[in-house]
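pasting the structure only:
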DNA sequence: TTGTACGCGTTATCAC
DNA sequence: GTGATAACGCGTACAA
């Protein structure tokens, strides 16, 4: 079913059908009605490829995600969901592209094949070749996360540096003197994953400012690793009384490790972090955490992208989220003398 | 950058460039080399829309997911990830479409706008209008899940009926006499969600076969609901000693509810279910469960879809997975006299 | 309102 | 065997 067939059956020209549909030229009510009747009868919809070819835009955005093989975190998933939702509201389709690893063909297809009007890039590194690639291509894009030179692109991000600093201050206020930062997995941090590095920086500054002793470790993004990580931390640094973390997926395991060591949260040990709200609430005890507004950020990213597509030369815009820490049940006063 | 520009700079005609790229006609090595040099220099890639328009195929598949607003379960996410991964390996892009709720425009765009060569449909109901819609449209599609009339379409699915029956038999073998089935959320079951109904059926049959007493309840897909659900079950049915469930997202909460009631798993109470392996392993204690091979199933779905696209009139194919129950730490002999 | 050129890659057809 | 020409797919938008 194409526009010519509709035109023939309605007894008008192809362009009249097009105008009747787009409304870019007035068409008599009677003609419009007749055309619509034929369209409804045959279930016609314009061919997306033909329209894209002519208009030069696809009404589709690309969403570049970390390779699917390495399981996405809950927060990342919330980003994906909110981006898809926001895009659907704007009548945009979303093309998914796993990047990194062996899937660079997918990324290349999307960027150079003009398959999308713009791209949202997740899991950005401080030095990210995909950003360089997109900048060079001229395709509008927005990052969920930012590189080392944030002014070179549009992005939405979480202010991990500030948030982790706040976590440390919160712990210090509660009297904790020996705190640990549990970061995301070592590979991610090693390749320059921004949040990991910014969390380190925030941690170091705050620890210095409050005169605490601080230790930093990386930890796999799952419960098992969280447990192992805590067990090792307790073994090597018996003086610790609190943990700050950006590794939400590992928190359940940390709780388990503490419990195994005979430490009750928050009585004997405190944990505070940065996490998606529903994730923090579903832990036991609920995690005192800065609640990342992931769904709002996804929507914001789509919004920024739509603007960039509409007006590419416009200056870059940024949105840095620094949500307050929600007090739940996982932090308490440092126990005199520390655990055990 | 279009093919004409490449042809001009390489000093050949457009068709020669096309033939050099597609290999559908021999082109001299020297010419091919010159063309490739220009392509590399300018970074040319054929316009996907033009190619789709001419070829009548988009090299893209649609993945219809539940509306993003209602958080996806871990298993669903694994399906998405594995589909994206498998599609990328086959050089196919994936267009995501949230269906249901207010997002039916997205589904319609995909189906009637010829934006994809085929569709993978998730979260299928016993009576599913999207299946009817797709069958009517003639667009190749494969279900992850199946309707009441499974022969009318191609699908991969999990044999919840058999698996839940196996769970019940496992519990019966351990001496449990009073067991409960905790289903997915009530809305899902109410609208005819297949796994929910098939699990019920398998549960009822097995309970009858073994002469047990069984109670069934629906439960929201999150830990909080799981906890509330277990607390209510224990209050109303003090004789229960075991639970079988297909609601993996709620299991952590069930553990919590049991623990609050002073019941240790597996000493005082057993839980067995159907879940993604890594999910079952990450629970504490690890869940004895039939491990759904979600990644393999996603890949299989893509495979079936590729075949359907290549040969639409071919008979439908199906793949029903019934993985064995992996014994972990969550089930044990029924305690004499039951709990408390 | 209508005729028609255009966007761009593919491929059948014709020429060397 | 190799290269060039032109038609095609289909919706859009300008000129008439």
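Nice, thanks for sending it over. Fair warning: this is a prediction, and the values are worked out from it, not measured in the lab.

how about the residue nearest in space to the middle of chain A, nearest residue that isn't a chain neighbour?
Residue closest to the average C-alpha location in chain A (C-alpha atoms, centre = their mean): residue A:79, at 4.2 Å. The shortest distance from residue A:79 to any non-neighbouring residue, by C-beta to C-beta, 6 or more residues apart in numbering or on different chains, is to residue A:298 (4.9 Å). (C-beta placed from N, C-alpha, C; glycine too.)

swap in residue A:195?
Nearest one to residue A:195, counting by C-beta to C-beta, 6+ apart, is residue A:160 at 4.5 Å.

one more: residue A:308?
residue A:140 (4.0 Å).

check the spacing between that neighbour and residue A:290 real quick.
30 Å (C-beta to C-beta, to the nearest Å).

these two: which is more packed in?
Comparing residue A:140 with residue A:290 by other C-beta atoms under 10 Å in any protein chain shown, the one with more neighbours is residue A:290, at 27 against 22.

run through who's touching the helix or strand where the more buried one lies.
Assigned by DSSP states H and E, residue A:290 belongs to strand A:288-292. Strand A:288-292 is contacted by residues A:75, A:158, A:163, A:166-167, A:170, A:270-277, A:280, A:321-331 when judged by C-beta atoms under 8 Å, 6 or more residues apart in numbering or on different chains.

rerun at 6 Å
Strand A:288-292 is contacted from outside by A:158, A:163, A:272-277, A:280, A:323, A:325-328, A:330-331, using C-beta atoms under 6 Å, 6 or more residues apart in numbering or on different chains.

name the nearest residue to residue A:253, ignoring sequence neighbours.
residue A:226 (2.7 Å).

tell me the gap between stretch A:34-48 and the middle of its chain.
39 Å (C-alpha atoms, centre = their mean, to the nearest Å).

check whether that stretch contacts DNA strand C.
No - interface with DNA strand C: stretch A:34-48 contributes nothing (C-beta under 7 Å from any atom of the strand), its closest point being 9.0 Å away.

and that stretch, how far apart are its ends?
23 Å (C-alpha to C-alpha, to the nearest Å).

any idea how far residue A:145 is from whichever residue of the stretch 151-300 of chain A sits closest to DNA strand D?
The minimum distance from the stretch 151-300 of chain A to DNA strand D, using C-beta to the nearest atom of the strand, falls at residue A:154 (26.3 Å). Shown here: residue A:154 relative to residue A:145, a distance of 12 Å by C-beta to C-beta.

what do you get for residue A:180?
Distance from residue A:180 to residue A:145, by C-beta to C-beta: 24 Å.

same question, residue A:165
19 Å.

same check on residue A:328?
Distance of residue A:328 to residue A:145, computed by C-beta to C-beta: 26 Å.

who in the stretch 201-340 of chain A is up against DNA strand C?
Within reach of DNA strand C by C-beta under 7 Å from any atom of the strand, the stretch 201-340 of chain A has no residues at all.

pretty sure residue A:320 sits in a strand.
Yes - counting by DSSP: H, G, I helix; E, B strand; the rest coil, residue A:320 is part of a strand.

tell me which parts of the stretch 1-150 of chain A are close to DNA strand C?
Looking at DNA strand C, the residues of the stretch 1-150 of chain A close enough under C-beta under 7 Å from any atom of the strand are A:11-16, A:19, A:25-28, A:30-31, A:50, A:53-54, A:56.

what ranges does the stretch 1-150 of chain A have for its strands?
A:60-65, A:93-98, A:118-122, A:141-144 (DSSP state E, counting those that start in this stretch).

let me have those strands in TSV, extended by mean neighbour count.
TSV is the format used below for these (neighbours: other C-beta atoms under 10 Å in any protein chain shown):
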stretch	mean neighbour count
strand A:60-65	26
strand A:93-98	24
strand A:118-122	24
strand A:141-144	28
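
what number of residues lie near the residue of the stretch 101-250 of chain A found nearest DNA strand C?
Residue nearest to DNA strand C within the stretch 101-250 of chain A: residue A:114 (8.2 Å; C-beta to the nearest atom of the strand). When neighbours are counted by other C-beta under 10 Å, residue A:114 registers 22.

and if you look at residue A:138?
9.

next: residue A:91.
Around residue A:91 there are 10 residues (other C-beta under 10 Å).

quick check on the residue nearest to residue A:114 when sequence neighbours are not counted: phi, psi?
Leaving aside its sequence neighbours, residue A:114 sits nearest to residue B:47 (C-beta to C-beta, 6+ apart; 5.5 Å). Dihedral pair for residue B:47: phi -70, psi 120, per degrees, to the nearest 10.

test my guess that residue B:47 contacts residue A:112.
No - at 9.7 Å, residue B:47 and residue A:112 do not qualify as touching, with contact defined as C-beta atoms under 6 Å.

let me see the backbone angles for residue A:28.
Torsion angles, degrees, to the nearest 10, at residue A:28: phi -60, psi 150.

whoops, I mixed them up, residue A:159
Given degrees, to the nearest 10, the pair of backbone angles that residue A:159 has is phi -90, psi 70.

now do the spatially closest residue to it that is not a sequence neighbour, the pLDDT please.
Nearest residue to residue A:159 in three dimensions, chain neighbours excluded: residue A:322, at 4.1 Å (C-beta to C-beta, 6+ apart). Residue A:322 carries a pLDDT score of 96 in this model.

from chain B, how far off is residue A:322?
Applying C-beta to the nearest C-beta, to the nearest Å, the value for residue A:322 to chain B is 24 Å.

correct me, but that residue touches residue A:160?
No - here residue A:322 does not reach residue A:160: they are 9.2 Å apart, not a contact under C-beta under 6 Å.

which of those two has more neighbours?
residue A:160 (24 against 13).

which residues sit in contact with that one?
Taking C-beta under 6 Å, 6+ apart as the test, what residue A:160 contacts is A:195, A:198, A:199.

ok, of those, which come out buried?
Buried subset of those (neighbour count, 16 or more other C-beta atoms under 10 Å in any protein chain shown): A:195, A:198, A:199.
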